[in-house]
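> predicted coordinates and the sequence they were generated for:
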Amino acid sequence: MSGTKDFSTTRRDLLQAAATAGAGAALLGSMGINPALAAEVGRSEKPLKAAFSNAGLQATWCAQGKQAAEFWGKLFNVEVTWFDGQLDAVKQRAAIDNMASQKWDFVAIQAFGIGTLTQPVQKMIDAGTPVIDMDTLIAPLDQINVHSFLAPDNEFMGASVTQALCNAMGGKGKIIMTQGALGHTGAQGRAKGFTNTVKQFPGIEVLDTQPADWDVSKTARLWETYLTKYPQIDAAFFHNDDMALAAANIMKARGRTNILIGGVDAMPPAIQAVSEGRMFATVRNPSCRIHGGAIIAGVSAVVGGEKSGQGIPKNVVTDGPVVTKANAAGMQWMQDHFLI
């Protein structure tokens with residue numbers, strides 16, 4: 001689903017043998033954390049049990065994150081149990097209530113919406129379980145004592161792709177933003193980046209900003225309507241690549257392939273689309289770095305005794321670059337090896 005590759009048994013054995021302080025230092029360094037902090041991070045002698053949940057495995061970003069967490073978990077002797085959010089706040093809450101009824105060495109969660117999981121997460125924190133928050137806030141950091149929050153700068157991602165689109169439009173024309181879930185703090189940041197950037201271009205009109213909740217079917221329905229309603233659409237910014245590519249299929253079917261398309265996540269299908277010119281740009285939301293980093297943060301807490309706010313910052317920014325034809329191949333290689 002994510003486009004990542006299977007590894008041979010030999011490669012797995014070699015990589016598992018390399019799961020030492022050096023491996024921890026490499027990934028933590030790529031996350032912007034001082035590699036010296038990884039000096040005591042290594043493969044746990046006893047198997048650790050970790051519970052993970054992200055917004056929903058229907059989304060390719062989430063599916064890739066699961067693969068990355070399991071890959072890094074094997075390297076560090078962590079058994080990962082998955083609780084799928086199913087792109088539904090109510091269903092994810094039920095899954096996290098179930099998670100909170102069990103005992104774990106550490107937990108990592110990407111909430112579908114802010115404030116939806118606070119009670120069961122607080123229950124786990126009160127029990128002494130390190131909880132790593134991934135990509136979107138479970139609750140504001142001054143209201144819940146998570147071990148750390150690993151996330152990209154979503155406002156930067158929204159602004160950087162929007163800037164690229166606006167420049168390509170020559171500073172004039174008509175644009176649409178298709179948002180993710182409105183309660184998702186990542187989507188909120190991307191929308192803010194879009195809005196602040198478009199304000200700098202008085203010649204650009206925003207036609208619509210409806211959310212599609214990360215749902216490709218909902219995205220397709222919205223864009224069927226847009227292409228009928230608006231005879232001129234010069235560009236479109238989507239909060240993730242899945243929605244961008246779903247809309248691109250509708251545009252192609254309707255003969256509207258002149259619309260510049262920008263997305264977020266830089267998943268393999270989007271990297272290919274950028275390379276082929278079917279998408280104009282995307283930006284990497286580093287799923288592998290975030291989910292793999294959560295494994296290392298958890299192992300560091302349990303095995304190395306690393307303390308929240310001391311060894312690991314409360315907020316770790318995990319940015320990835322804008323992806324164009326120039327760097328697409330390298331970005332794909334990094335994802336194939338669960339590095340970004």
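The structure has been received and is ready for your questions.
> low-confidence ranges in the stretch 1-150 of the chain?
1-41 (pLDDT under 70).
> and the pLDDT for Lys325?
Note for Lys325: predicted pLDDT of 84.
> to clarify, my last question referred to Lys229.
98.
> ok, it - how many residues close by?
10 (other Cβ atoms under 10 Å). Placement of C-beta: from N, CA and C, glycine included.
> skipping adjacent residues, who's closest to Ala69 in space?
Using Cβ to Cβ, 6 or more residues apart in numbering and skipping the chain neighbours, the partner closest in space to Ala69 is His291 (4.2 Å).
> and Ala68, what does it touch?
287-288, 291-292, 338 (Cβ atoms under 8 Å, 6 or more residues apart in numbering).
> for Val206, see how far away Arg289 is.
32 Å (Cβ to Cβ, to the nearest Å).
> compare these two (neighbour count), which wins?
Each of Arg289 and Val206 has its neighbours counted (other Cβ under 10 Å); Arg289 has more, 28 against 14.
> and the gap between that one and Gln102?
27 Å.
> His239 against Leu182, yeah?
No: using Cβ atoms under 8 Å, His239 is not in contact with Leu182; the gap is 10.3 Å.
> name the strands paired with the helix or strand hosting Ala50 and say parallel or antiparallel.
Assigned by DSSP states H and E, Ala50 belongs to strand 48-53. Neighbouring strands of strand 48-53 in its sheet, by DSSP bridges, are strand 78-82 (parallel), strand 106-109 (parallel).
> next, the buried residues of the first one.
The reference is to strand 78-82. 78, 80, 82 (16 or more other Cβ atoms under 10 Å).
> for that strand, the distance to its chain's centre please.
Here strand 78-82 shows a centroid-to-chain-centroid distance of 19 Å under the convention Cα atoms, centre = their mean, to the nearest Å.
> how much does the helix or strand following it deviate in direction from strand 48-53?
Downstream of strand 78-82, the next assigned helix or strand under DSSP H and E is helix 89-100. Relative orientation of helix 89-100 versus strand 48-53 (axes from the mean of the first three to the mean of the last three Cα atoms, to 10 degrees): 170 degrees.
> now what about helix 89-100, what contacts it?
51, 53, 55-56, 83-86, 107, 109, 111-113, 116-117, 120-121, 123-124, 183.
> gap between the two ends of stretch 306-324?
38 Å (Cα to Cα, to the nearest Å).
> tell me which of His239 and Leu182 has more neighbours.
Taking other Cβ under 10 Å, His239 and Leu182 do not tie; His239 has more neighbours (33 against 12).
> neighbours around the nearest residue to the more buried one once chain neighbours are set aside, how many?
Nearest residue to His239 in three dimensions, chain neighbours excluded: Gly180, at 3.9 Å (Cβ to Cβ, 6+ apart). As a burial measure, Gly180 scores 28 neighbours (other Cβ under 10 Å).
> can you give me the strands in the protein?
48-53, 78-82, 106-109, 131-134, 148-151, 172-178, 203-208, 235-238, 260-262, 282-283, 315-317, 322-323 (DSSP state E).
> how far out from the middle of the chain is the last one?
Shown here is strand 322-323, whose average C-alpha point lies 14 Å from the average C-alpha point of the whole chain (Cα atoms, centre = their mean).
> and that strand, what does it pack onto?
helix 154-168, helix 268-276, strand 282-283 (3 or more Cβ pairs under 8 Å, 6 or more residues apart in numbering; DSSP states H and E).
> and the contacts of it?
So strand 322-323 is contacted by 160-161, 164, 266, 270-271, 274, 281-284, 331 (Cβ under 8 Å, 6+ apart).
> can we see that at 7 Å?
If you take Cβ atoms under 7 Å, 6 or more residues apart in numbering as the criterion, strand 322-323 is touched by 160-161, 164, 266, 271, 274, 281-284, 331.
> equivalent analysis for the longest one, please.
Residues external to strand 172-178 that are found in contact with it (Cβ under 7 Å, 6+ apart): 165, 191, 194, 198, 203-210, 212, 219, 222, 226, 230, 232-239, 243, 247.
> contacting residues for Ser53?
83, 85, 92, 95-96, 99, 109-110.
> now the two most distant members of those residues.
Greatest spatial distance in the contacts of Ser53: Met99 and Gln110, 13.0 Å, computed using Cβ to Cβ.
> those two: who's more crowded?
Between Met99 and Gln110, Gln110 has the larger neighbour count (other Cβ under 10 Å), namely 30 against 24.
> my guess is the more buried one meets Thr136, correct?
Yes: between Gln110 and Thr136 there is a contact under Cβ atoms under 7 Å: 5.9 Å.
> what is in contact with those two at once?
By Cβ under 7 Å, 6+ apart, no residue touches both Gln110 and Thr136.
> what are the boundaries of the helices in this protein?
For the chain, applying DSSP state H gives helices covering 9-17, 21-30, 60-75, 89-100, 118-126, 154-168, 185-198, 216-229, 241-253, 268-276, 287-302, 328-336.
> and Asn196, how many residues sit next to it?
13.
> restricted to buried residues, select the contacts of helix 89-100 in ChimeraX.
Here is the ChimeraX command that selects the buried residues among these (16+ other Cβ under 10 Å):
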select :51,53,55,56,83,84,85,86,107,109,111,112,113,116,117,120,121,124,183
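> and for Ile44, the neighbour number?
For residue 44 the amino acid is Ser, not Ile. Counted with other Cβ under 10 Å, Ser44 comes out at 17.
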